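**Student:** Everything below, folded, please.
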Amino acid sequence: MKNWKKMLVASLACSAVLGFSYSPAEASYELNPEVKTVTPALMEASEIGVLKYENPQMANYTNKDAIVVTSFGTTFKETREKTIEATVDAIKAAHPGVKVVTAFTSHIIIDRIAKNEGKKYPTPEEALTQLKADGYSRVALVSLDVIPGMEYSYVKAVFHEYKEQFKTMTCGTSLMYWQGQEEQPDDVIEFLQAVSSQFPKMGKDEALLLMAHGTPHVSNAYYAVIQAKLDALGYKNVYVYTVEGWPSLEDVIPKLKANKVKNVTLMPIMMVAGDHAHNDMAGKDADSHKSVLESEGYKVDAYLHGIGENKMIRDMYVERADDAWDALQGNKGADADHIKMMK
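**Tutor:** Numbering: from 1, shown residues only. This is a model prediction of the structure:
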């Protein structure tokens, strides 16, 4: 369980802007007495960290609890088993006897798996609808997203759409969320310490390129934070680049040239080693990252494993699930770890 400072829902900066103050006794916040009218928009704007909603109209309902684990998904069966399913299994092991449902946010991937494998994964909406029909009254929504980008926004939107249908509902954070600001934990450092366990040993003329997904969402800024913290930790010639965001491979190549790098290892920092890893990163086409680098004269190796294969990463996801679960249970100290939401 993280302490109240680490999961504080509103930082001092947010408090100053929105007119909130916070109470260490509750480890949450209170509205400034000068604020006479609290609108839903004001409350929603201040929602940070693990979200929780309690429906006063269902206060007398019997507790029947479940966990919904959400992921974008992948059509690559082997890596799905080693990453997503292995992570869900770890969450199940941490919560024996609890109903745990895996839901995919990519409707295209759901359809392709159903067609090619005969296996049907639900969307988060379908999973919650079924749990409601089966009599579950309290649900912890857990995300396997790496950063709080567009996919995580989808999960949060599902939380807000369905929260009033349950007695209690919580929504956990993505793998990386806090960055050490205002005495919060530093999820980015924790992530780098975990993923660095799979870094190869490198000489002066070697480099490691960490391939992230990238996003048009403002959370693309996380990649700059990751790079800054890599540098602060003293990793030499380790660079983050993205498939669909900034920085791109083209942004990194000048750094390789400036440092006289000759050998490059490509490594995805995505949950799975799916299409992006096998094709965009390490494919044989002329526009793959491996081919582009080879055309620039570099010797290139590819590490084709998703971060979900890393036990330390899976343990982090279990921690994120535990945060959402503890908030759902209202365990001692749990109210110190989630947002006090408008009842």
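**Student:** Just list what the helix or strand hosting residue 103 packs against, helices and strands only.
**Tutor:** Using DSSP states H and E, residue 103 falls within strand 99-104. Where contact means 3 or more CB pairs under 8 Å, 6 or more residues apart in numbering; DSSP states H and E, strand 99-104 is packed against strand 65-71, helix 84-94, helix 124-133. Using the backbone N, CA and C atoms, a C-beta is placed for each residue, glycine as well.
**Student:** Residue 297 should be in a helix, yeah?
**Tutor:** No - according to DSSP: H, G, I helix; E, B strand; the rest coil, residue 297 belongs to no helix; its state is coil.
**Student:** From residue 319, how far off is it?
**Tutor:** Plainly put, residue 297 is 43 Å away from residue 319 if you go by CB to CB, to the nearest Å.
**Student:** Among these two, which residue is more densely surrounded?
**Tutor:** Ranked by neighbour count (other CB atoms under 10 Å), residue 297 and residue 319 place residue 319 first, with 18 against 8.
**Student:** quick one: the helices in the stretch 1-150 of the chain?
**Tutor:** Assigned helices in the stretch 1-150 of the chain, in chain order: 12-18, 40-45, 77-82, 84-94, 107-117, 124-133, 150-162 (criterion: DSSP state H, counting those that start in this stretch).
**Student:** ranking these by mean pLDDT, which is last?
**Tutor:** Lowest mean pLDDT within the helices of the stretch 1-150 of the chain: helix 12-18, at a mean of 36.
**Student:** Compute the inter-axis angle for the strand holding residue 103 and strand 65-71.
**Tutor:** Between strand 99-104 and strand 65-71, the angle comes out at 20 degrees (axes from the mean of the first three to the mean of the last three CA atoms, to 10 degrees).
**Student:** Adjacent strands (with direction) for strand 99-104?
**Tutor:** Counting by DSSP bridges, the strands paired with strand 99-104 are strand 65-71 (parallel).
**Student:** quick one, the partner strand and helix 107-117 angle?
**Tutor:** If you take the same axes, to 10 degrees, strand 65-71 sits at 90 degrees to helix 107-117.
**Student:** And the contacts of strand 65-71?
**Tutor:** The contact list for strand 65-71 (CB atoms under 8 Å, 6 or more residues apart in numbering) reads 84, 87-88, 91, 95, 98-105, 124, 127-128, 131, 136-145, 155, 158, 271, 321, 324-325, 328-329.
**Student:** Kindly report the same for stretch 291-299.
**Tutor:** 249, 253, 256, 261-264, 266, 283-286, 300.
**Student:** between those residues, which is nearest residue 221?
**Tutor:** Residue 221 lies nearest to residue 249 out of the contacts of stretch 291-299, by CB to CB, at 18.7 Å.
**Student:** my guess is the closest one contacts residue 240, does it?
**Tutor:** No - between residue 249 and residue 240 there is no contact under CB atoms under 8 Å: 10.9 Å.
**Student:** what residues do these two have in common as contacts?
**Tutor:** residue 209.
**Student:** quick one: the strands in the stretch 201-343 of the chain?
**Tutor:** With strands called from DSSP state E, counting those that start in this stretch, the stretch 201-343 of the chain shows them at 206-212, 238-242, 263-268, 299-302.
**Student:** Put the alpha carbons of the shortest one into PDB.
**Tutor:** Just to be clear, that refers to strand 299-302. Coordinates of the C-alpha atoms in strand 299-302 are reproduced here as PDB (Å, rounded to 0.1, in the frame of the first residue of the first chain):
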ATOM      1  CA  LYS A 299      25.000  -3.600 -37.300                       C
ATOM      2  CA  VAL A 300      21.600  -4.200 -35.800                       C
ATOM      3  CA  ASP A 301      20.200  -6.800 -33.300                       C
ATOM      4  CA  ALA A 302      16.600  -7.000 -32.300                       C
END
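**Student:** on that earlier part again, need the winner for burial among the helices and strands packed on strand 99-104.
**Tutor:** Comparing these by mean neighbour count (mean count of other CB atoms under 10 Å), strand 65-71 ranks first with a mean of 25.
**Student:** still on that earlier bit, with mean pLDDT added, can I get the strands of the stretch 201-343 of the chain in CSV?
**Tutor:** What follows is the strands of the stretch 201-343 of the chain, written out as CSV (pLDDT from 0 to 100):
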stretch, mean pLDDT
strand 206-212, 98
strand 238-242, 98
strand 263-268, 98
strand 299-302, 98
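**Student:** Dump the ones you listed into TSV; add distance to residue 59 and mean neighbour count as well.
**Tutor:** Shown next, in TSV, are these (distance: least, CB to CB, whole Å; neighbours: other CB atoms under 10 Å):
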stretch	distance to residue 59	mean neighbour count
strand 206-212	43	23
strand 238-242	46	22
strand 263-268	46	22
strand 299-302	54	17
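**Student:** what would those look like in TSV with distance to residue 176?
**Tutor:** Below are the strands of the stretch 201-343 of the chain laid out as TSV (distance: least, CB to CB, whole Å):
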stretch	distance to residue 176
strand 206-212	11
strand 238-242	12
strand 263-268	15
strand 299-302	23
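**Student:** With only the CA atoms kept, save stretch 225-236 in PDB.
**Tutor:** The C-alpha coordinates for stretch 225-236 follow below in PDB (Å, rounded to 0.1, in the frame of the first residue of the first chain):
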ATOM      1  CA  VAL A 225      10.500  12.200 -19.300                       C
ATOM      2  CA  ILE A 226      11.700   8.600 -19.800                       C
ATOM      3  CA  GLN A 227      14.700   9.900 -21.800                       C
ATOM      4  CA  ALA A 228      15.500  12.500 -19.100                       C
ATOM      5  CA  LYS A 229      15.400   9.900 -16.400                       C
ATOM      6  CA  LEU A 230      17.500   7.500 -18.400                       C
ATOM      7  CA  ASP A 231      20.100  10.200 -18.700                       C
ATOM      8  CA  ALA A 232      19.900  11.000 -15.000                       C
ATOM      9  CA  LEU A 233      20.400   7.400 -14.100                       C
ATOM     10  CA  GLY A 234      23.600   7.400 -16.100                       C
ATOM     11  CA  TYR A 235      22.700   5.200 -19.000                       C
ATOM     12  CA  LYS A 236      24.900   6.000 -22.000                       C
END
